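**Student:** no FASTA, just this:
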């Protein structure tokens, strides 16, 4: 993430605020979405999460202003917190008890592998991912 800061024109403390806000939204969302998943269709929750995450990433790309990025990062963090409770519920509802543990291990392994690959791929291709535009609220005058 630190490698991306010069390209975005964002100060470390400002990006730290956005990331922290996203983690707080994720933590709050885990409690709320755990309860919601018990009362709704977990497949619908996963679909809504994927749509919301795609929309927030598109919003960050189209509106790279720091205040907007913080709000969108919070929405994204909250939305992502719905995935794990939904996957656990789907696993519990659809697999026999003896297969549930290994299925959740596999899901967890691929979740971490996906996160790691993002950290390895995105910094090298950041201008391609974000269009090479710096955050407008932090641009330096030329």
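**Tutor:** Okay, I see it. Computed from a predicted model, the values in this text were never measured in an experiment. Numbering: from 1, shown residues only.

**Student:** so, low pLDDT: which residues of the chain?
**Tutor:** For the chain, the stretches flagged by pLDDT under 70 are 1-10, 118-119, 121-142.

**Student:** do you have the helices of the chain handy? List them.
**Tutor:** Taking DSSP state H, the helices of the chain run over residues 5-8, 12-39, 42-62, 66-80, 83-94, 97-121, 126-130.

**Student:** for the second one, name the packing helices and strands.
**Tutor:** Judged by 3 or more CB pairs under 8 Å, 6 or more residues apart in numbering; DSSP states H and E, the packing partners of helix 12-39 are helix 5-8, helix 42-62, helix 66-80, helix 83-94. The C-beta positions use only the backbone N, C-alpha and C, and glycine is treated the same way.

**Student:** of those helices, which is nearest residue 24?
**Tutor:** helix 66-80 (7.5 Å; CB to CB).

**Student:** check which residues of the closest one are buried.
**Tutor:** For helix 66-80, the neighbour count (16 or more other CB atoms under 10 Å) marks 66, 68-80 as buried.

**Student:** CSV please, covering these and showing distance to residue 31.
**Tutor:** Formatted as CSV, the buried residues of helix 66-80 follow (distance: CB to CB, whole Å):
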residue, distance to residue 31
66, 28
68, 26
69, 25
70, 21
71, 21
72, 21
73, 19
74, 15
75, 17
76, 17
77, 13
78, 11
79, 15
80, 14
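
**Student:** perfect, that will be all.
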